[in-house]
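>>> I would like to see how this sequence folds:
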Amino acid sequence: MEIGMEALYTFLRSRNIPEENIIKLRDDKIDVSVIELMDDRALAVYIPAYGDRIAARKFCSEYQRKGASTQTKIVSDLTKNQLTNADIKLNRTNLLDELISQFIDPNLLNRTFTFGYINERGAEAPAVSRDVYSAFWMDFYDYATEGQDMRVPILSHKRMEAEWKAIGRILLKGFQDHGYFPCMLAKAFTAALLFGEKSVTPDLLFESFLSYISKEERDLVNKAIEEDLDYEEEEEMIDFLGRMGVKCIPVKENLKATLFSVAHKMIIQKPKYALDKMSEVVGPKLRQVFDNVDRLQQLYDI
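Have a look, this model is predicted:
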């Protein structure tokens, strides 16, 4: 098992896990077979970053499956293209466009780096990197999405295939390295992002739609489904449906079906180009982490 332990430690060093953490693993006799039995909280004592824990589990799983005779190849396969530490300097005031520009390069997913802010003293610490992802998504919500409590991307002439794939890489890298996930993206949108449109159930779609519209609109829609509206409320509903692109006012019996169609249009159809291009990057990798939609949705409950 010594070979397996050394292979594991070599892999962890390639991801810049601090040497004191690796020594603690060695002292506590944590090897490839033990890691597979540890829950996430216990493993976090040794490997703090969520993305590093996912990578370590994958390494151990492949090592156990392929055997010690291929350990050198496994380390090579899982660490190839890992570069030495590098700093990426960003302007805080133009963070959205600058980070997208950086992640146009697909090789960035395989690099180890930290972020720093230009002209800000003390803004180059490793902790800043997580802040960069958080700040990026806040800017993204403000300037590149629409919706209320939950949002979906807005298509723009500024963002073509390369830019949407770059945004997918930002989502993936932030999650791999820091466990950061943009949970203001609508649940149905992220389900389709990872598992495809067919994975989105009617209930999930409608829940996402209710979070996408305003509280006043949400209250109106819920009331319209459950009971009769008065004249003023009926006028508000007609206006709401008109803003959603509904040309013909449905009778009460058909209202919920119409609302499901509207939900599909706003949550899936309108951002479909962005969804498809981001999914090409995000889907294959994060499906290795989340087995199904229910596992993905647990992120929203944290």
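>>> Check which helix or strand Leu99 maps to.
helix 95-102 (DSSP states H and E).
>>> Can you tell me the strand partners of the helix or strand just after that helix and which way each runs?
For helix 95-102, the following helix or strand on the C-terminal side (DSSP H and E) is strand 113-117. Applying DSSP bridges, strand 113-117 is found paired with strand 86-90 (parallel).
>>> how about the strand it pairs with: buried residues?
Neighbour-count burial for strand 86-90 flags Ile88, Leu90 (criterion: 16 or more other Cβ atoms under 10 Å). For every residue, glycine as well, the C-beta is placed using N, CA and C.
>>> Would you state the strands of the stretch 51-200 of the chain in chain order?
86-90, 113-117, 145-147, 151-153 (DSSP state E, counting those that start in this stretch).
>>> Which other helices and strands does the third one contact?
Just to be clear, that refers to strand 145-147. Where contact means 3 or more Cβ pairs under 8 Å, 6 or more residues apart in numbering; DSSP states H and E, strand 145-147 is packed against strand 151-153.
>>> And the last one, by the same measure?
Secondary structure elements in contact with strand 151-153, counted by 3+ Cβ pairs under 8 Å, 6+ apart, are strand 145-147.
>>> Average pLDDT for the strand it packs on, rounded please.
Across strand 145-147, the average pLDDT comes to 97.
>>> Flag every buried residue along it.
Thr145, Gly147.
>>> contacts for that strand?
The contact list for strand 145-147 (Cβ atoms under 8 Å, 6 or more residues apart in numbering) reads Arg151, Val152, Pro153, Ile154, Met184, Leu185, Ala186, Ser211, Tyr212, Ile213.
>>> now the helices for the stretch 201-302 of the chain?
Taking DSSP state H, counting those that start in this stretch as the test, the helices found in the stretch 201-302 of the chain are 202-212, 215-226, 231-243, 252-264, 272-286, 293-297.
>>> To Glu236, which of the strands of the stretch 51-200 of the chain lies closest?
Nearest of those to Glu236, taken as Cβ to Cβ: strand 145-147 at 19.5 Å.
>>> strands paired with the closest one, and their directions?
Strand 145-147 pairs in its sheet with strand 151-153 (antiparallel), by DSSP bridges.
>>> got the end-to-end distance for stretch 197-208?
14 Å (Cα to Cα, to the nearest Å).
>>> which of the residues in that stretch are buried?
By neighbour count on 16+ other Cβ under 10 Å, the buried set for stretch 197-208 is Glu197, Val200, Leu204, Leu205, Phe206, Glu207, Ser208.
>>> now stretch 153-160
Buried-residue list, stretch 153-160, by 16+ other Cβ under 10 Å: Pro153, Arg159.
>>> Report the separation between the two terminal residues of it.
One end of stretch 153-160 sits 13 Å from the other (Cα to Cα).
>>> and it, average pLDDT?
Averaging pLDDT along stretch 153-160 gives 94.
>>> Can you give the contact residues for that stretch?
Ile100, Ala144, Thr145, Glu146, Trp164, Ile167, Lys270, Pro271, Tyr273, Ala274, Leu275.
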